[in-house]
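Enquirer: dropping a prediction and its sequence here:
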Amino acid sequence: MNKLIPFFFALISYGQQANQEKVIARQGQVSFFSYTSVENIKAENNQVLSIIDLATNEIAVSMLMNAFIFEKALMREHFNESYIESDLYPKATFEGKILDFDPSLEVEQTKIIKGTFSMHGVVKELEIKAKIEQVLQGYILSGTFETLVEDYNINIPPLLSGNIAKTIAVDFRFEYRPYEN
Amino acid sequence: MLKLSKTLKIVFFVVIIIIGFLTFQVMDKADYRNIAKVKPDVYLSAKTLISHFKDGDKTILKPESVVEIRGVVKEINTINNRYTIVLKGEENDSSSIICDMRANQKEYITALKPKDTILIKGVFKGFLRDAVFLNCVISDRTINE
């Protein structure tokens, strides 16, 4: 029994160490913009979950598609029921790795995040440029990228095609804090 | 001429009814109703809700249902320039309840502090690591002295 005690301590301390190497953002923000001559559409989701494992630089993101807030009720309705079909595909996820990221550096770093993004039943490889800064409580990761609507099997009726841009601009910002169990 | 005018009137009337119906369909969604006046679909305590999710029972709530939750305030924050109240479950729970508050709740929120017990009503959106509620209003509160 006495021999087992150090083993348990080692196991507990390993578990704590592994968690200390992770950071979490429970209220990350992802917004998208569609600019056309007919109308501009903007929506934001403020409850996006993300975890970074600082030991491996792996990053995971998960968001609820029905949690996007729109300016107009009808826009939200079309988004959820006709385009994204959030009842069938409730979440979008990203899993990847921040390339050449050094978590110990206090200076701002601009890095490429490479991984797979899954939305509306479509899985796509993405490479995104992101800015990472170390702050008092953790890290802030932010950036912007553009994506094509047609890549995600989203059908826009011809009548509304003039209202929605073919290329959507996506902004993201995550405030990471130390991971708690 | 008289016949055409009558037909036009009927078409106009039908169009108005269709527009009215579609507008009602959209505005009747929980996100656009005045949540403060909506009768909740479910009443729950924060602890019960989190324990169901922890046990893998993610069907306890349907997305878009209006829920009233009683719980203890873990944190109040303004991340993303929005007022958010986080309710806690049991002491060691890693999951919480994230309530994105309506803009008109600011004056009630500023009087709140962690450990207060409150009753919040909001629209359930789903569960990630935490249960997410939008469009939330404070129904009642008990100050922790």
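Expert: Done, it's in.
Enquirer: element containing B:Glu107?
Expert: Using DSSP states H and E, B:Glu107 falls within helix B:106-109.
Enquirer: and B:Ile138, by the same measure?
Expert: Going by DSSP H and E, B:Ile138 is in strand B:131-142.
Enquirer: my guess is B:Ile120 contacts B:Leu87. True?
Expert: Yes: the pair B:Ile120 / B:Leu87 is scored as a contact, 7.1 Å apart, by CB atoms under 8 Å. Any C-beta I mention is one placed from the backbone N, CA and C, and that applies to glycine too.
Enquirer: find the residues that touch each one of these two.
Expert: Shared contacts of B:Ile120 and B:Leu87 (CB atoms under 8 Å, 6 or more residues apart in numbering or on different chains): B:Ile69, B:Gly71, B:Cys99.
Enquirer: pretty sure A:Phe32 sits against A:Met65.
Expert: No: contact criterion CB under 8 Å: A:Phe32 and A:Met65 do not qualify, at 11.3 Å.
Enquirer: what about these two, which has more around it?
Expert: Neighbours were counted for A:Phe32 and for A:Met65 using other CB atoms under 10 Å in any protein chain shown; A:Met65 has more, 22 against 19.
Enquirer: how near is B:Ile118 to B:Arg129?
Expert: In this structure, B:Ile118 and B:Arg129 are 22 Å apart, going by CB to CB, to the nearest Å.
Enquirer: compare the two and say which is more crowded by neighbours.
Expert: Neighbours were counted for B:Ile118 and for B:Arg129 using other CB under 10 Å; B:Ile118 has more, 22 against 15.
Enquirer: helix or strand for the more buried one, which one?
Expert: Counting by DSSP H and E, the element that carries B:Ile118 is strand B:117-127.
Enquirer: can you check A:Gln27 too?
Expert: Using DSSP H and E, the element containing A:Gln27 is strand A:22-35.
Enquirer: now A:Thr147
Expert: For A:Thr147, the host element (DSSP H and E) is strand A:139-148.
Enquirer: no further questions, thank you.
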